[in-house]
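Q: Generate a structure from the sequence data that follows.
(one chain, ligands or ions: 3)
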Amino acid sequence: MSLSQLPLFLKGQVVNGFGRGSKDLGCPTANFPREVAQSLPKDLKTGVYYGWAKVDSGPVYKMVVNIGWCPFYQNKELSVETHVIHNFDEDFYGSILKICVLGYLRPEKNFPSLNNLISAIKQDIEDAKQNLDIKENIIFRDHDFFKN
Ligand SMILES: Cc1cc2nc3c(=O)[nH]c(=O)nc-3n(C[C@H](O)[C@H](O)[C@H](O)COP(=O)(O)O)c2cc1C
Ligand SMILES: Nc1ncnc2c1ncn2[C@@H]1O[C@H](COP(=O)(O)OP(=O)(O)O)[C@@H](O)[C@H]1O
Ligand SMILES: [Mg+2]
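A: Residues are numbered from 1 along each chain as shown. Ligands and ions are numbered 1, 2, ... in the order given. As a prediction, this is how the structure comes out:
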């Protein structure tokens with residue numbers, strides 16, 4: 001699928017969300033502040049995307065990002081939350097997160113159970129990993145945006 005707004009480059013400080021990612025889902029998501037969500041193109045399709053992410057001056061890793069309203073939890077505000085596909089030793093609240101959003105995976109859904117949501121997220125991570133291995137996506141890992 002080609003979305004005309006992509007690639008999308010976003011940068012912001014990692015802030016607190018509702019504390020559900022790690023606890024409920026076993027999948028931490030680094031949440032951007034409200035201003036980042038408000039800066040998005042107004043006609044951007046909500047849903048799950050993949051791309052590249054960098055925390056402070058660290059390496060560039062694969063990521064999945066949910067841009068939307070989390071219908072399972074019925075959030076009142078649009079959120080932009082990135083799961084970096086890497087095991088970090090520590091939390092990084094307050095760090096600067098840069099992401100390059102390259103492709104769309106699926107719309108957000110309201111799943112019948114938490115386990116269904118967890119399974120869908122696991123599948124998203126696998127799909128992201130695969131999509132990011134193609135040449136057209138790998139080149140963005142070395143984009144100037146990620147240079148300090
Ligand atoms: C890859 C991925 C896919 C997601 N898909 C959905 C979804 O389909 N429906 C939904 O309600 N929330 C979805 N979420 C959002 C989770 O509900 C959200 O990450 C969780 O509520 C954590 O929020 P918190 O950071 O405020 O703790 C997804 C999150 C990720 C990382
Ligand atoms: N691989 C990772 N991807 C994203 N965040 C991570 C990761 N590993 C650790 N974290 C930390 O976990 C936090 C997110 O956890 P989460 O349960 O979603 O809490 P919150 O609701 O505050 O966003 C991030 O802000 C970050 O500090
Ligand atoms: Mg989070």
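
Q: chain center to the worst-scoring helix or strand of the chain on mean pLDDT, what's the gap?
A: When each helix and strand of the chain is scored by mean pLDDT, DSSP states H and E, helix 21-25 comes last, with a mean of 82. Distance, stretch centre to chain centre, for helix 21-25: 15 Å (CA atoms, centre = their mean, to the nearest Å).

Q: In that helix, which residues are buried?
A: Judged by neighbour count using 16 or more other CB atoms under 10 Å, the buried positions of helix 21-25 are 21, 25. Heads up, the C-betas are built off the backbone N, CA and C, glycines and all.

Q: what's it in contact with?
A: Residues from elsewhere that reach helix 21-25, judged by CB atoms under 8 Å, 6 or more residues apart in numbering: 27-29, 81, 83, 114, 117-118, 121.

Q: What subset of the residues you listed is buried?
A: Buried subset of the contacts of helix 21-25 (neighbour count, 16+ other CB under 10 Å): 27-29, 81, 83, 117, 121.

Q: Just the mean pLDDT for the lengthiest helix in the chain, thanks.
A: In terms of residue count, the longest helix belonging to the chain (DSSP state H) is helix 114-132. Average pLDDT, helix 114-132: 97.

Q: From ligand 1, how far out is residue 112?
A: For residue 112, the distance to ligand 1 (CB to the nearest ligand atom, to the nearest Å) stands at 12 Å.

Q: Good, wrapping up.
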